[in-house]
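Peer 1: make a model of this:
(chains A and B)
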Amino acid sequence: MNTQALGVEYYLTGMRAALDDLPPNEVAEIMEDVEAHIAELSSELGENESLEQRLGPPEQYAQELRQAAGYPPRTERLPVTTKKQLLTRPRAAVWGLVGATGVTLLAGAAALREPGILLLPAVILVLSLALVNDRGPAQQEIMNLPETIRLKKWLTPEPGTPAERAITYLRSLQPAWWLVRAGLLGLGAVLLAGRDILGFLAIAAVAVVSVFAGPRAKVDRRWLWFSLPASALAVGLLFQVIDVTAGQLGYNPSRSSYSGPVAETYENIYVYDENGKLLSNVTLYDQDGQPINARQGYTSCYDSDNGPEPVIPANRYPRPKVAYQNGRCYTVEPTVTAPSATSSAEPPSSASATPSSVPPTSVSPSK
Amino acid sequence: MDTSQLLKGVLDLAVLAVLRKDDGYGYDVVRRLRAGGLDEVGDASVYGTLRRLYNAGMLTSYVVPSEEGPHRKYYSINETGRARLAESRETWRSFASTLDGLLEEVAA
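Peer 2: Numbering: from 1, shown residues only, chains lettered A, B, ... in the order given. Next comes the predicted model:
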């Protein structure tokens, strides 16, 4: 199998060399026919048969084909192309495609905010496709680049291996992906509709054409210049939609609940002695002598008859609460349930949790 | 007599004839010609002839993807091709009968 694959490559290379004085698009068309022919023939070959035994050497095959096709005979051996060119048109085109697809993926993730950014990959795509558009639907020169051959080998593992089964399975999902892709692109277009009419039209057009582009690219590789970036754009849009949705569902509540050090969330502090007796009028300071202030949850009452109450230091606990009754302001002693003797070491949970909800038992109108 | 020399002149006609009913890709056409009795026909000559007829506007082509191996390019005959086929058939018939007549005289 491997030696036969080698034989096919060798034979085709020989033919290409023998035809390389003809216009490139004509050679591409011929090679499209011949490749299928050689592949089919090589699968029919017996154990010890070679392509050359069946068809003669590639130069002879090329010569016979030239004659029958009415091409001019090859006049002279063309000078060997000066050195191996690194930057050929097919290579520039294929790397343009790869680059534009990558840029589209990144730009797609920002396309809803700034759809104009998609112009950059679009320009790269048009330019790179223009380089090879005349080379026919098979794009044989691109398929023969060393990097493409390596990629192809990587994508076609030995039959029967798990990798091969996985790739076969993924291939079977392709038509489903074309539909999902169109859906994602459509969603992106709809999300843009209210803000950017040009972006909406552009992405909607891509969505519609993408439905046809998938199957077309199987026949005409030039459609890959549309199909691959369309997929990248769909994935980029998906990322962005996930990001926006997650921002609305997950981030905001946690952000709003964040309010600085935990100590500040206490409204009041209740101090008990070793007998479980609630201490009153305790003044608290930290190690630096600074008052420890719980969040300011009260204001002093202002009595119109008697003037303002004496100011209570903010770090004196438990703090009084303020209540209103019949339009008058009262200072209320907060009452709490004393912690049980057994758990006196722990802070009184019921007290700290619900001081404000416990109804005042002793109401002392302020003087 | 070497039939391959004779074949060169009429391969156009033979290829158009086997494409008259059904479209076919290159190797398909080779097989049909061989099945029809032209054992000697060379693969490369058929492929070259297909290209020439295509370039002369008598055939159209379309590609059919194949799961394994390269895509297959199918050729189908169009109106120009059919007109040429009809015309060439007449030419061939009169030529063949002329030659038959000559051979009859020789035999007689």
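Peer 1: which residues of chain A score low on pLDDT?
Peer 2: A:1-6, A:75-85, A:249-266, A:294-312, A:322-367 (pLDDT under 70).
Peer 1: for chain B, what are the nearby residues on it?
Peer 2: A:26, A:29-30, A:32-37, A:39-41, A:43, A:55, A:60-71, A:137-138, A:218-220 (Cβ under 8 Å from any Cβ of the partner chain). In short, each C-beta sits where N, CA and C put it, glycine included.
Peer 1: in helices, which of the residues you listed fall?
Peer 2: The helices, defined by DSSP state H, take in A:26, A:29-30, A:32-37, A:39-41, A:43, A:55, A:60-69, A:218-219 from the residues of chain A next to chain B.
Peer 1: spatially central residue (nearest the centroid) of chain A, please.
Peer 2: A:Phe239 (3.7 Å; Cα atoms, centre = their mean).
Peer 1: list the contacts of A:Pro90.
Peer 2: Counting by Cβ atoms under 8 Å, 6 or more residues apart in numbering or on different chains, A:Pro90 makes contact with A:131-132, A:135, A:139, A:141-142, A:145.
Peer 1: quick one: buried ones out of the ones in helices among the residues of chain A next to chain B?
Peer 2: A:29-30, A:32-37, A:39-41, A:55, A:61-69, A:218-219 (16 or more other Cβ atoms under 10 Å in any protein chain shown).
Peer 1: for whichever residue of chain B sits closest to chain A, pull up the helix or strand it's in.
Peer 2: Closest contact between chain B and chain A, by Cβ to the nearest Cβ, is at B:Gly48 (2.8 Å). Assigned by DSSP states H and E, B:Gly48 belongs to helix B:43-55.
Peer 1: check which element follows that helix along the chain.
Peer 2: Helix B:43-55 is succeeded, C-terminally, by strand B:59-64 (DSSP H and E).
Peer 1: buried ones in that following strand?
Peer 2: B:59, B:61, B:63.
Peer 1: closest to A:Leu185 among those?
Peer 2: In terms of Cβ to Cβ, no member of those lies closer to A:Leu185 than B:Val63, at 26.4 Å.
Peer 1: wait, doesn't the closest one sit right on B:Pro70?
Peer 2: No. Judged on Cβ atoms under 8 Å, B:Val63 makes no contact with B:Pro70 at a distance of 9.7 Å.
Peer 1: which residues do these two both contact?
Peer 2: With Cβ under 8 Å, 6+ apart, B:Val63 and B:Pro70 have common neighbours A:32, A:138.
Peer 1: the inter-axis angle of the helix holding B:Gly48 versus strand B:59-64?
Peer 2: Helix B:43-55 and strand B:59-64 are oriented at 110 degrees to each other (axes from the mean of the first three to the mean of the last three Cα atoms, to 10 degrees).
Peer 1: how far does helix B:43-55 sit from the chain's center?
Peer 2: How far helix B:43-55 lies from its chain's middle: 9 Å, per Cα atoms, centre = their mean, to the nearest Å.
Peer 1: which elements pack onto it?
Peer 2: If you count contacts as 3 or more Cβ pairs under 8 Å, 6 or more residues apart in numbering or on different chains; DSSP states H and E, helix B:43-55 packs onto helix A:24-44, helix A:58-69, helix B:3-18, helix B:26-35, strand B:59-64, strand B:72-77.
Peer 1: may I see the ones you listed arranged in CSV, with distance to A:Gly183 as well?
Peer 2: Putting those into CSV (distance: least, Cβ to Cβ, whole Å) gives the following:
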stretch, distance to A:Gly183
helix A:24-44, 34
helix A:58-69, 47
helix B:3-18, 46
helix B:26-35, 39
strand B:59-64, 28
strand B:72-77, 32
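Peer 1: find the closest residue to chain B in chain A.
Peer 2: For chain A, Cβ to the nearest Cβ, closest residue to chain B: A:Ala68, 2.8 Å.
Peer 1: ok, that residue - contacts?
Peer 2: A:Ala68 neighbours (Cβ under 8 Å, 6+ apart): B:8, B:11, B:44-49, B:51-52.
Peer 1: buried subset of those residues?
Peer 2: B:11, B:44-49, B:51-52.
Peer 1: just give me the closest of these to A:Ile167.
Peer 2: Distances from A:Ile167 to these, taken by Cβ to Cβ, are shortest for B:Tyr47, at 32.2 Å.
Peer 1: hmm, that closest one is touching A:Ile30, no?
Peer 2: Yes. Look at B:Tyr47 against A:Ile30 with Cβ under 8 Å: they come within range, at 7.3 Å.
Peer 1: how many residues are close by A:Val209?
Peer 2: Neighbour count for A:Val209, taken as other Cβ atoms under 10 Å in any protein chain shown: 16.
Peer 1: how much space separates it from A:Glu141?
Peer 2: The gap separating A:Val209 from A:Glu141 is 26 Å, by Cβ to Cβ, to the nearest Å.
Peer 1: what's the local residue count around A:Pro318?
Peer 2: Applying other Cβ under 10 Å, I find that A:Pro318 has 21 neighbouring residues.
Peer 1: nice, that's everything, thank you.
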